[in-house]
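> I need the structure of the sequence given here:
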Amino acid sequence: MSAQFNIDLTDASTFPSRRTEAWKYSDLKRYLREAPQPSPTAAVGAPGAFYDLGGEAIVFANGRAVGVTDFIASGEQTLRLRYISDATGTGHTAGARVSARAGAKLLLLETHEGAGSAYVAHNTLELDVAAGAEVTRIVLVEEPEDAISVAEAHVKVEAGGVYRQTVIATGARLQRIETRITHFAQGAHVQADGLYLLNGSRHVDLTSVVRHMEHDGTTSQLIKGVARDTARGVFQGKIIVERGADGTDARMGHHALIASERAEIDAKPELIIYADDVQCAHGNTVGTLDESALFYMQQRGIPADEARALLTQAFLIEVVDRIEHEGAREVAREWLTVRL
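Now for the predicted structure:
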């Protein structure tokens, strides 16, 4: 997972297979043997989930930019970044670049909105957080069950910057959301959270690499997930503490529920430490819903399906509650509740 894999949808030889260590749980080559035909133009349609929170917008429809593709934040700003897919059996790529200047406070509200069927989407984001800047990124991903999508974010956090991320995903035929963070520490803080809720035969892969380059930085990561039916959830989290990054405090947790006999969860949390005087820990648990709690709720007249939904929400909501921005937190909470 240390090496970068550069995917080009026009060149099938760039599609990774399970032989590539970072992709062994999400074999893109298995699902995509040939380069897809380019997607046609698409309409933007209804406003995205975050529309009521206002701000500027970067919008892509089937890989084509509707307006600007770059954004530089100064002061306190909100940016809605929308990757819209509406295609059948074709492929498209989109890339945005966002920078937060020193002292800026940016709320980045990102949606991956899918319609149609069996499309392939590859979306990328380059995000720079300057010294002393603060960026909160909330990502909602909803796509058709037969879609294939890869979303990559490359984030650079300068000294003293703050970067908070929450990804909420519902899977697809193969859906991978990858975040690579270069952490220049010296008081900088990174929070890299996520949750997944999977039904049917959906597959999601939340992969992250956080690389601490300098001393006295903190990272906090909480990932939670639920897999039902024959769905498959994948979490690959790697935190690397480079030489000289003394005083690093990095903590990672992944906790998942398997809600059927045929669902699957694959988790690979990793800490690689080359520095002294650090505090680092990771935890991973995979279990099932509490049967005694389920029984208790049913005894009080709550139908089984409703009881399961309530227990599932109680399990996942901890991730949403960690979103500091109230407006974004409420949108995320409502979005998740509808899908339970």
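
> Give the buried residues for the host helix or strand of residue 98.
Element membership of residue 98 [criterion: DSSP states H and E] is strand 90-100. With burial defined by 16 or more other C-beta atoms under 10 Å, the residues of strand 90-100 counted as buried are 90-100. Placement of C-beta: from N, CA and C, glycine included.

> how about those residues in a markdown table, adding distance to residue 130 and pLDDT?
Listed next are these as a markdown table, based on distance: C-beta to C-beta, whole Å; pLDDT from 0 to 100:
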| residue | distance to residue 130 | pLDDT |
| --- | --- | --- |
| 90 | 38 | 98 |
| 91 | 34 | 98 |
| 92 | 31 | 98 |
| 93 | 27 | 98 |
| 94 | 24 | 98 |
| 95 | 20 | 98 |
| 96 | 17 | 98 |
| 97 | 14 | 98 |
| 98 | 12 | 98 |
| 99 | 7 | 98 |
| 100 | 6 | 98 |
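
> Which of these sits closest to residue 9?
Ranked by distance to residue 9 (C-beta to C-beta), these are led by residue 91 at 4.7 Å.

> who's in contact with the nearest residue to the closest one once chain neighbours are set aside?
Nearest non-adjacent residue to residue 91, counting by C-beta to C-beta, 6 or more residues apart in numbering: residue 36, 3.2 Å away. By C-beta atoms under 8 Å, 6 or more residues apart in numbering, the contact list for residue 36 reads 9, 89-91, 119-120.

> Any chance of CSV for those residues, columns distance to residue 79?
Listed next are these as CSV, based on distance: C-beta to C-beta, whole Å:
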residue, distance to residue 79
9, 25
89, 32
90, 28
91, 26
119, 25
120, 26
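
> With respect to residue 183, which of these is nearest?
So of those, ranked by how close each gets to residue 183 (C-beta to C-beta), first place is residue 9, at 29.7 Å.

> what's the longest helix in the chain?
helix 304-321 (DSSP state H).

> quick one: pLDDT of residue 256?
Looking at residue 256, its pLDDT is 98.

> begin at 712 from here
OK, 712 is where the count begins now, so the last one is residue 967.

> Bridging across strands, which residues link to it?
residue 936, residue 997 (DSSP bridges).

> How about residue 776?
Under the criterion used (DSSP bridges), residue 776 bridges to residue 771.

> So what's the gap between stretch 816-829 and the chain middle?
11 Å (C-alpha atoms, centre = their mean, to the nearest Å).

> any idea of the mean pLDDT in it?
98.

> What residues sit buried inside it?
816-827.

> Equivalent analysis for stretch 720-728, please.
720, 726-727.

> quick one: residue 943 and residue 914 touch, right?
Yes: at 4.7 Å, residue 943 counts as touching residue 914 under the criterion of C-beta atoms under 8 Å.

> which of the two has more neighbours?
residue 914 (25 against 20; other C-beta atoms under 10 Å).

> Check what pLDDT the more buried one gets.
98.

> for residue 1001, same thing?
Taking residue 1001 on its own, its pLDDT is 89.

> Quick check: residue 764 vs residue 785, distance?
Distance from residue 764 to residue 785, counting by C-beta to C-beta, to the nearest Å: 19 Å.

> Any stretches of this protein with poor pLDDT?
712-716 (pLDDT under 70).

> quick one, helices of it?
Using DSSP H, helices in the chain cover 739-742, 1002-1010, 1015-1032, 1037-1050.

> For the first one, buried residues please.
So that's helix 739-742. Within helix 739-742, judged by 16+ other C-beta under 10 Å, the buried ones are residue 739.

> May I have it as CSV, with CA atoms only?
Extracted in CSV, the C-alpha atoms of helix 739-742 (Å, rounded to 0.1, in the frame of the first residue of the first chain):
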residue,chain,number,x,y,z
LEU,A,739,-10.4,-4.2,-10.2
LYS,A,740,-9.1,-6.4,-13.0
ARG,A,741,-11.6,-9.1,-12.2
TYR,A,742,-14.5,-6.7,-12.8
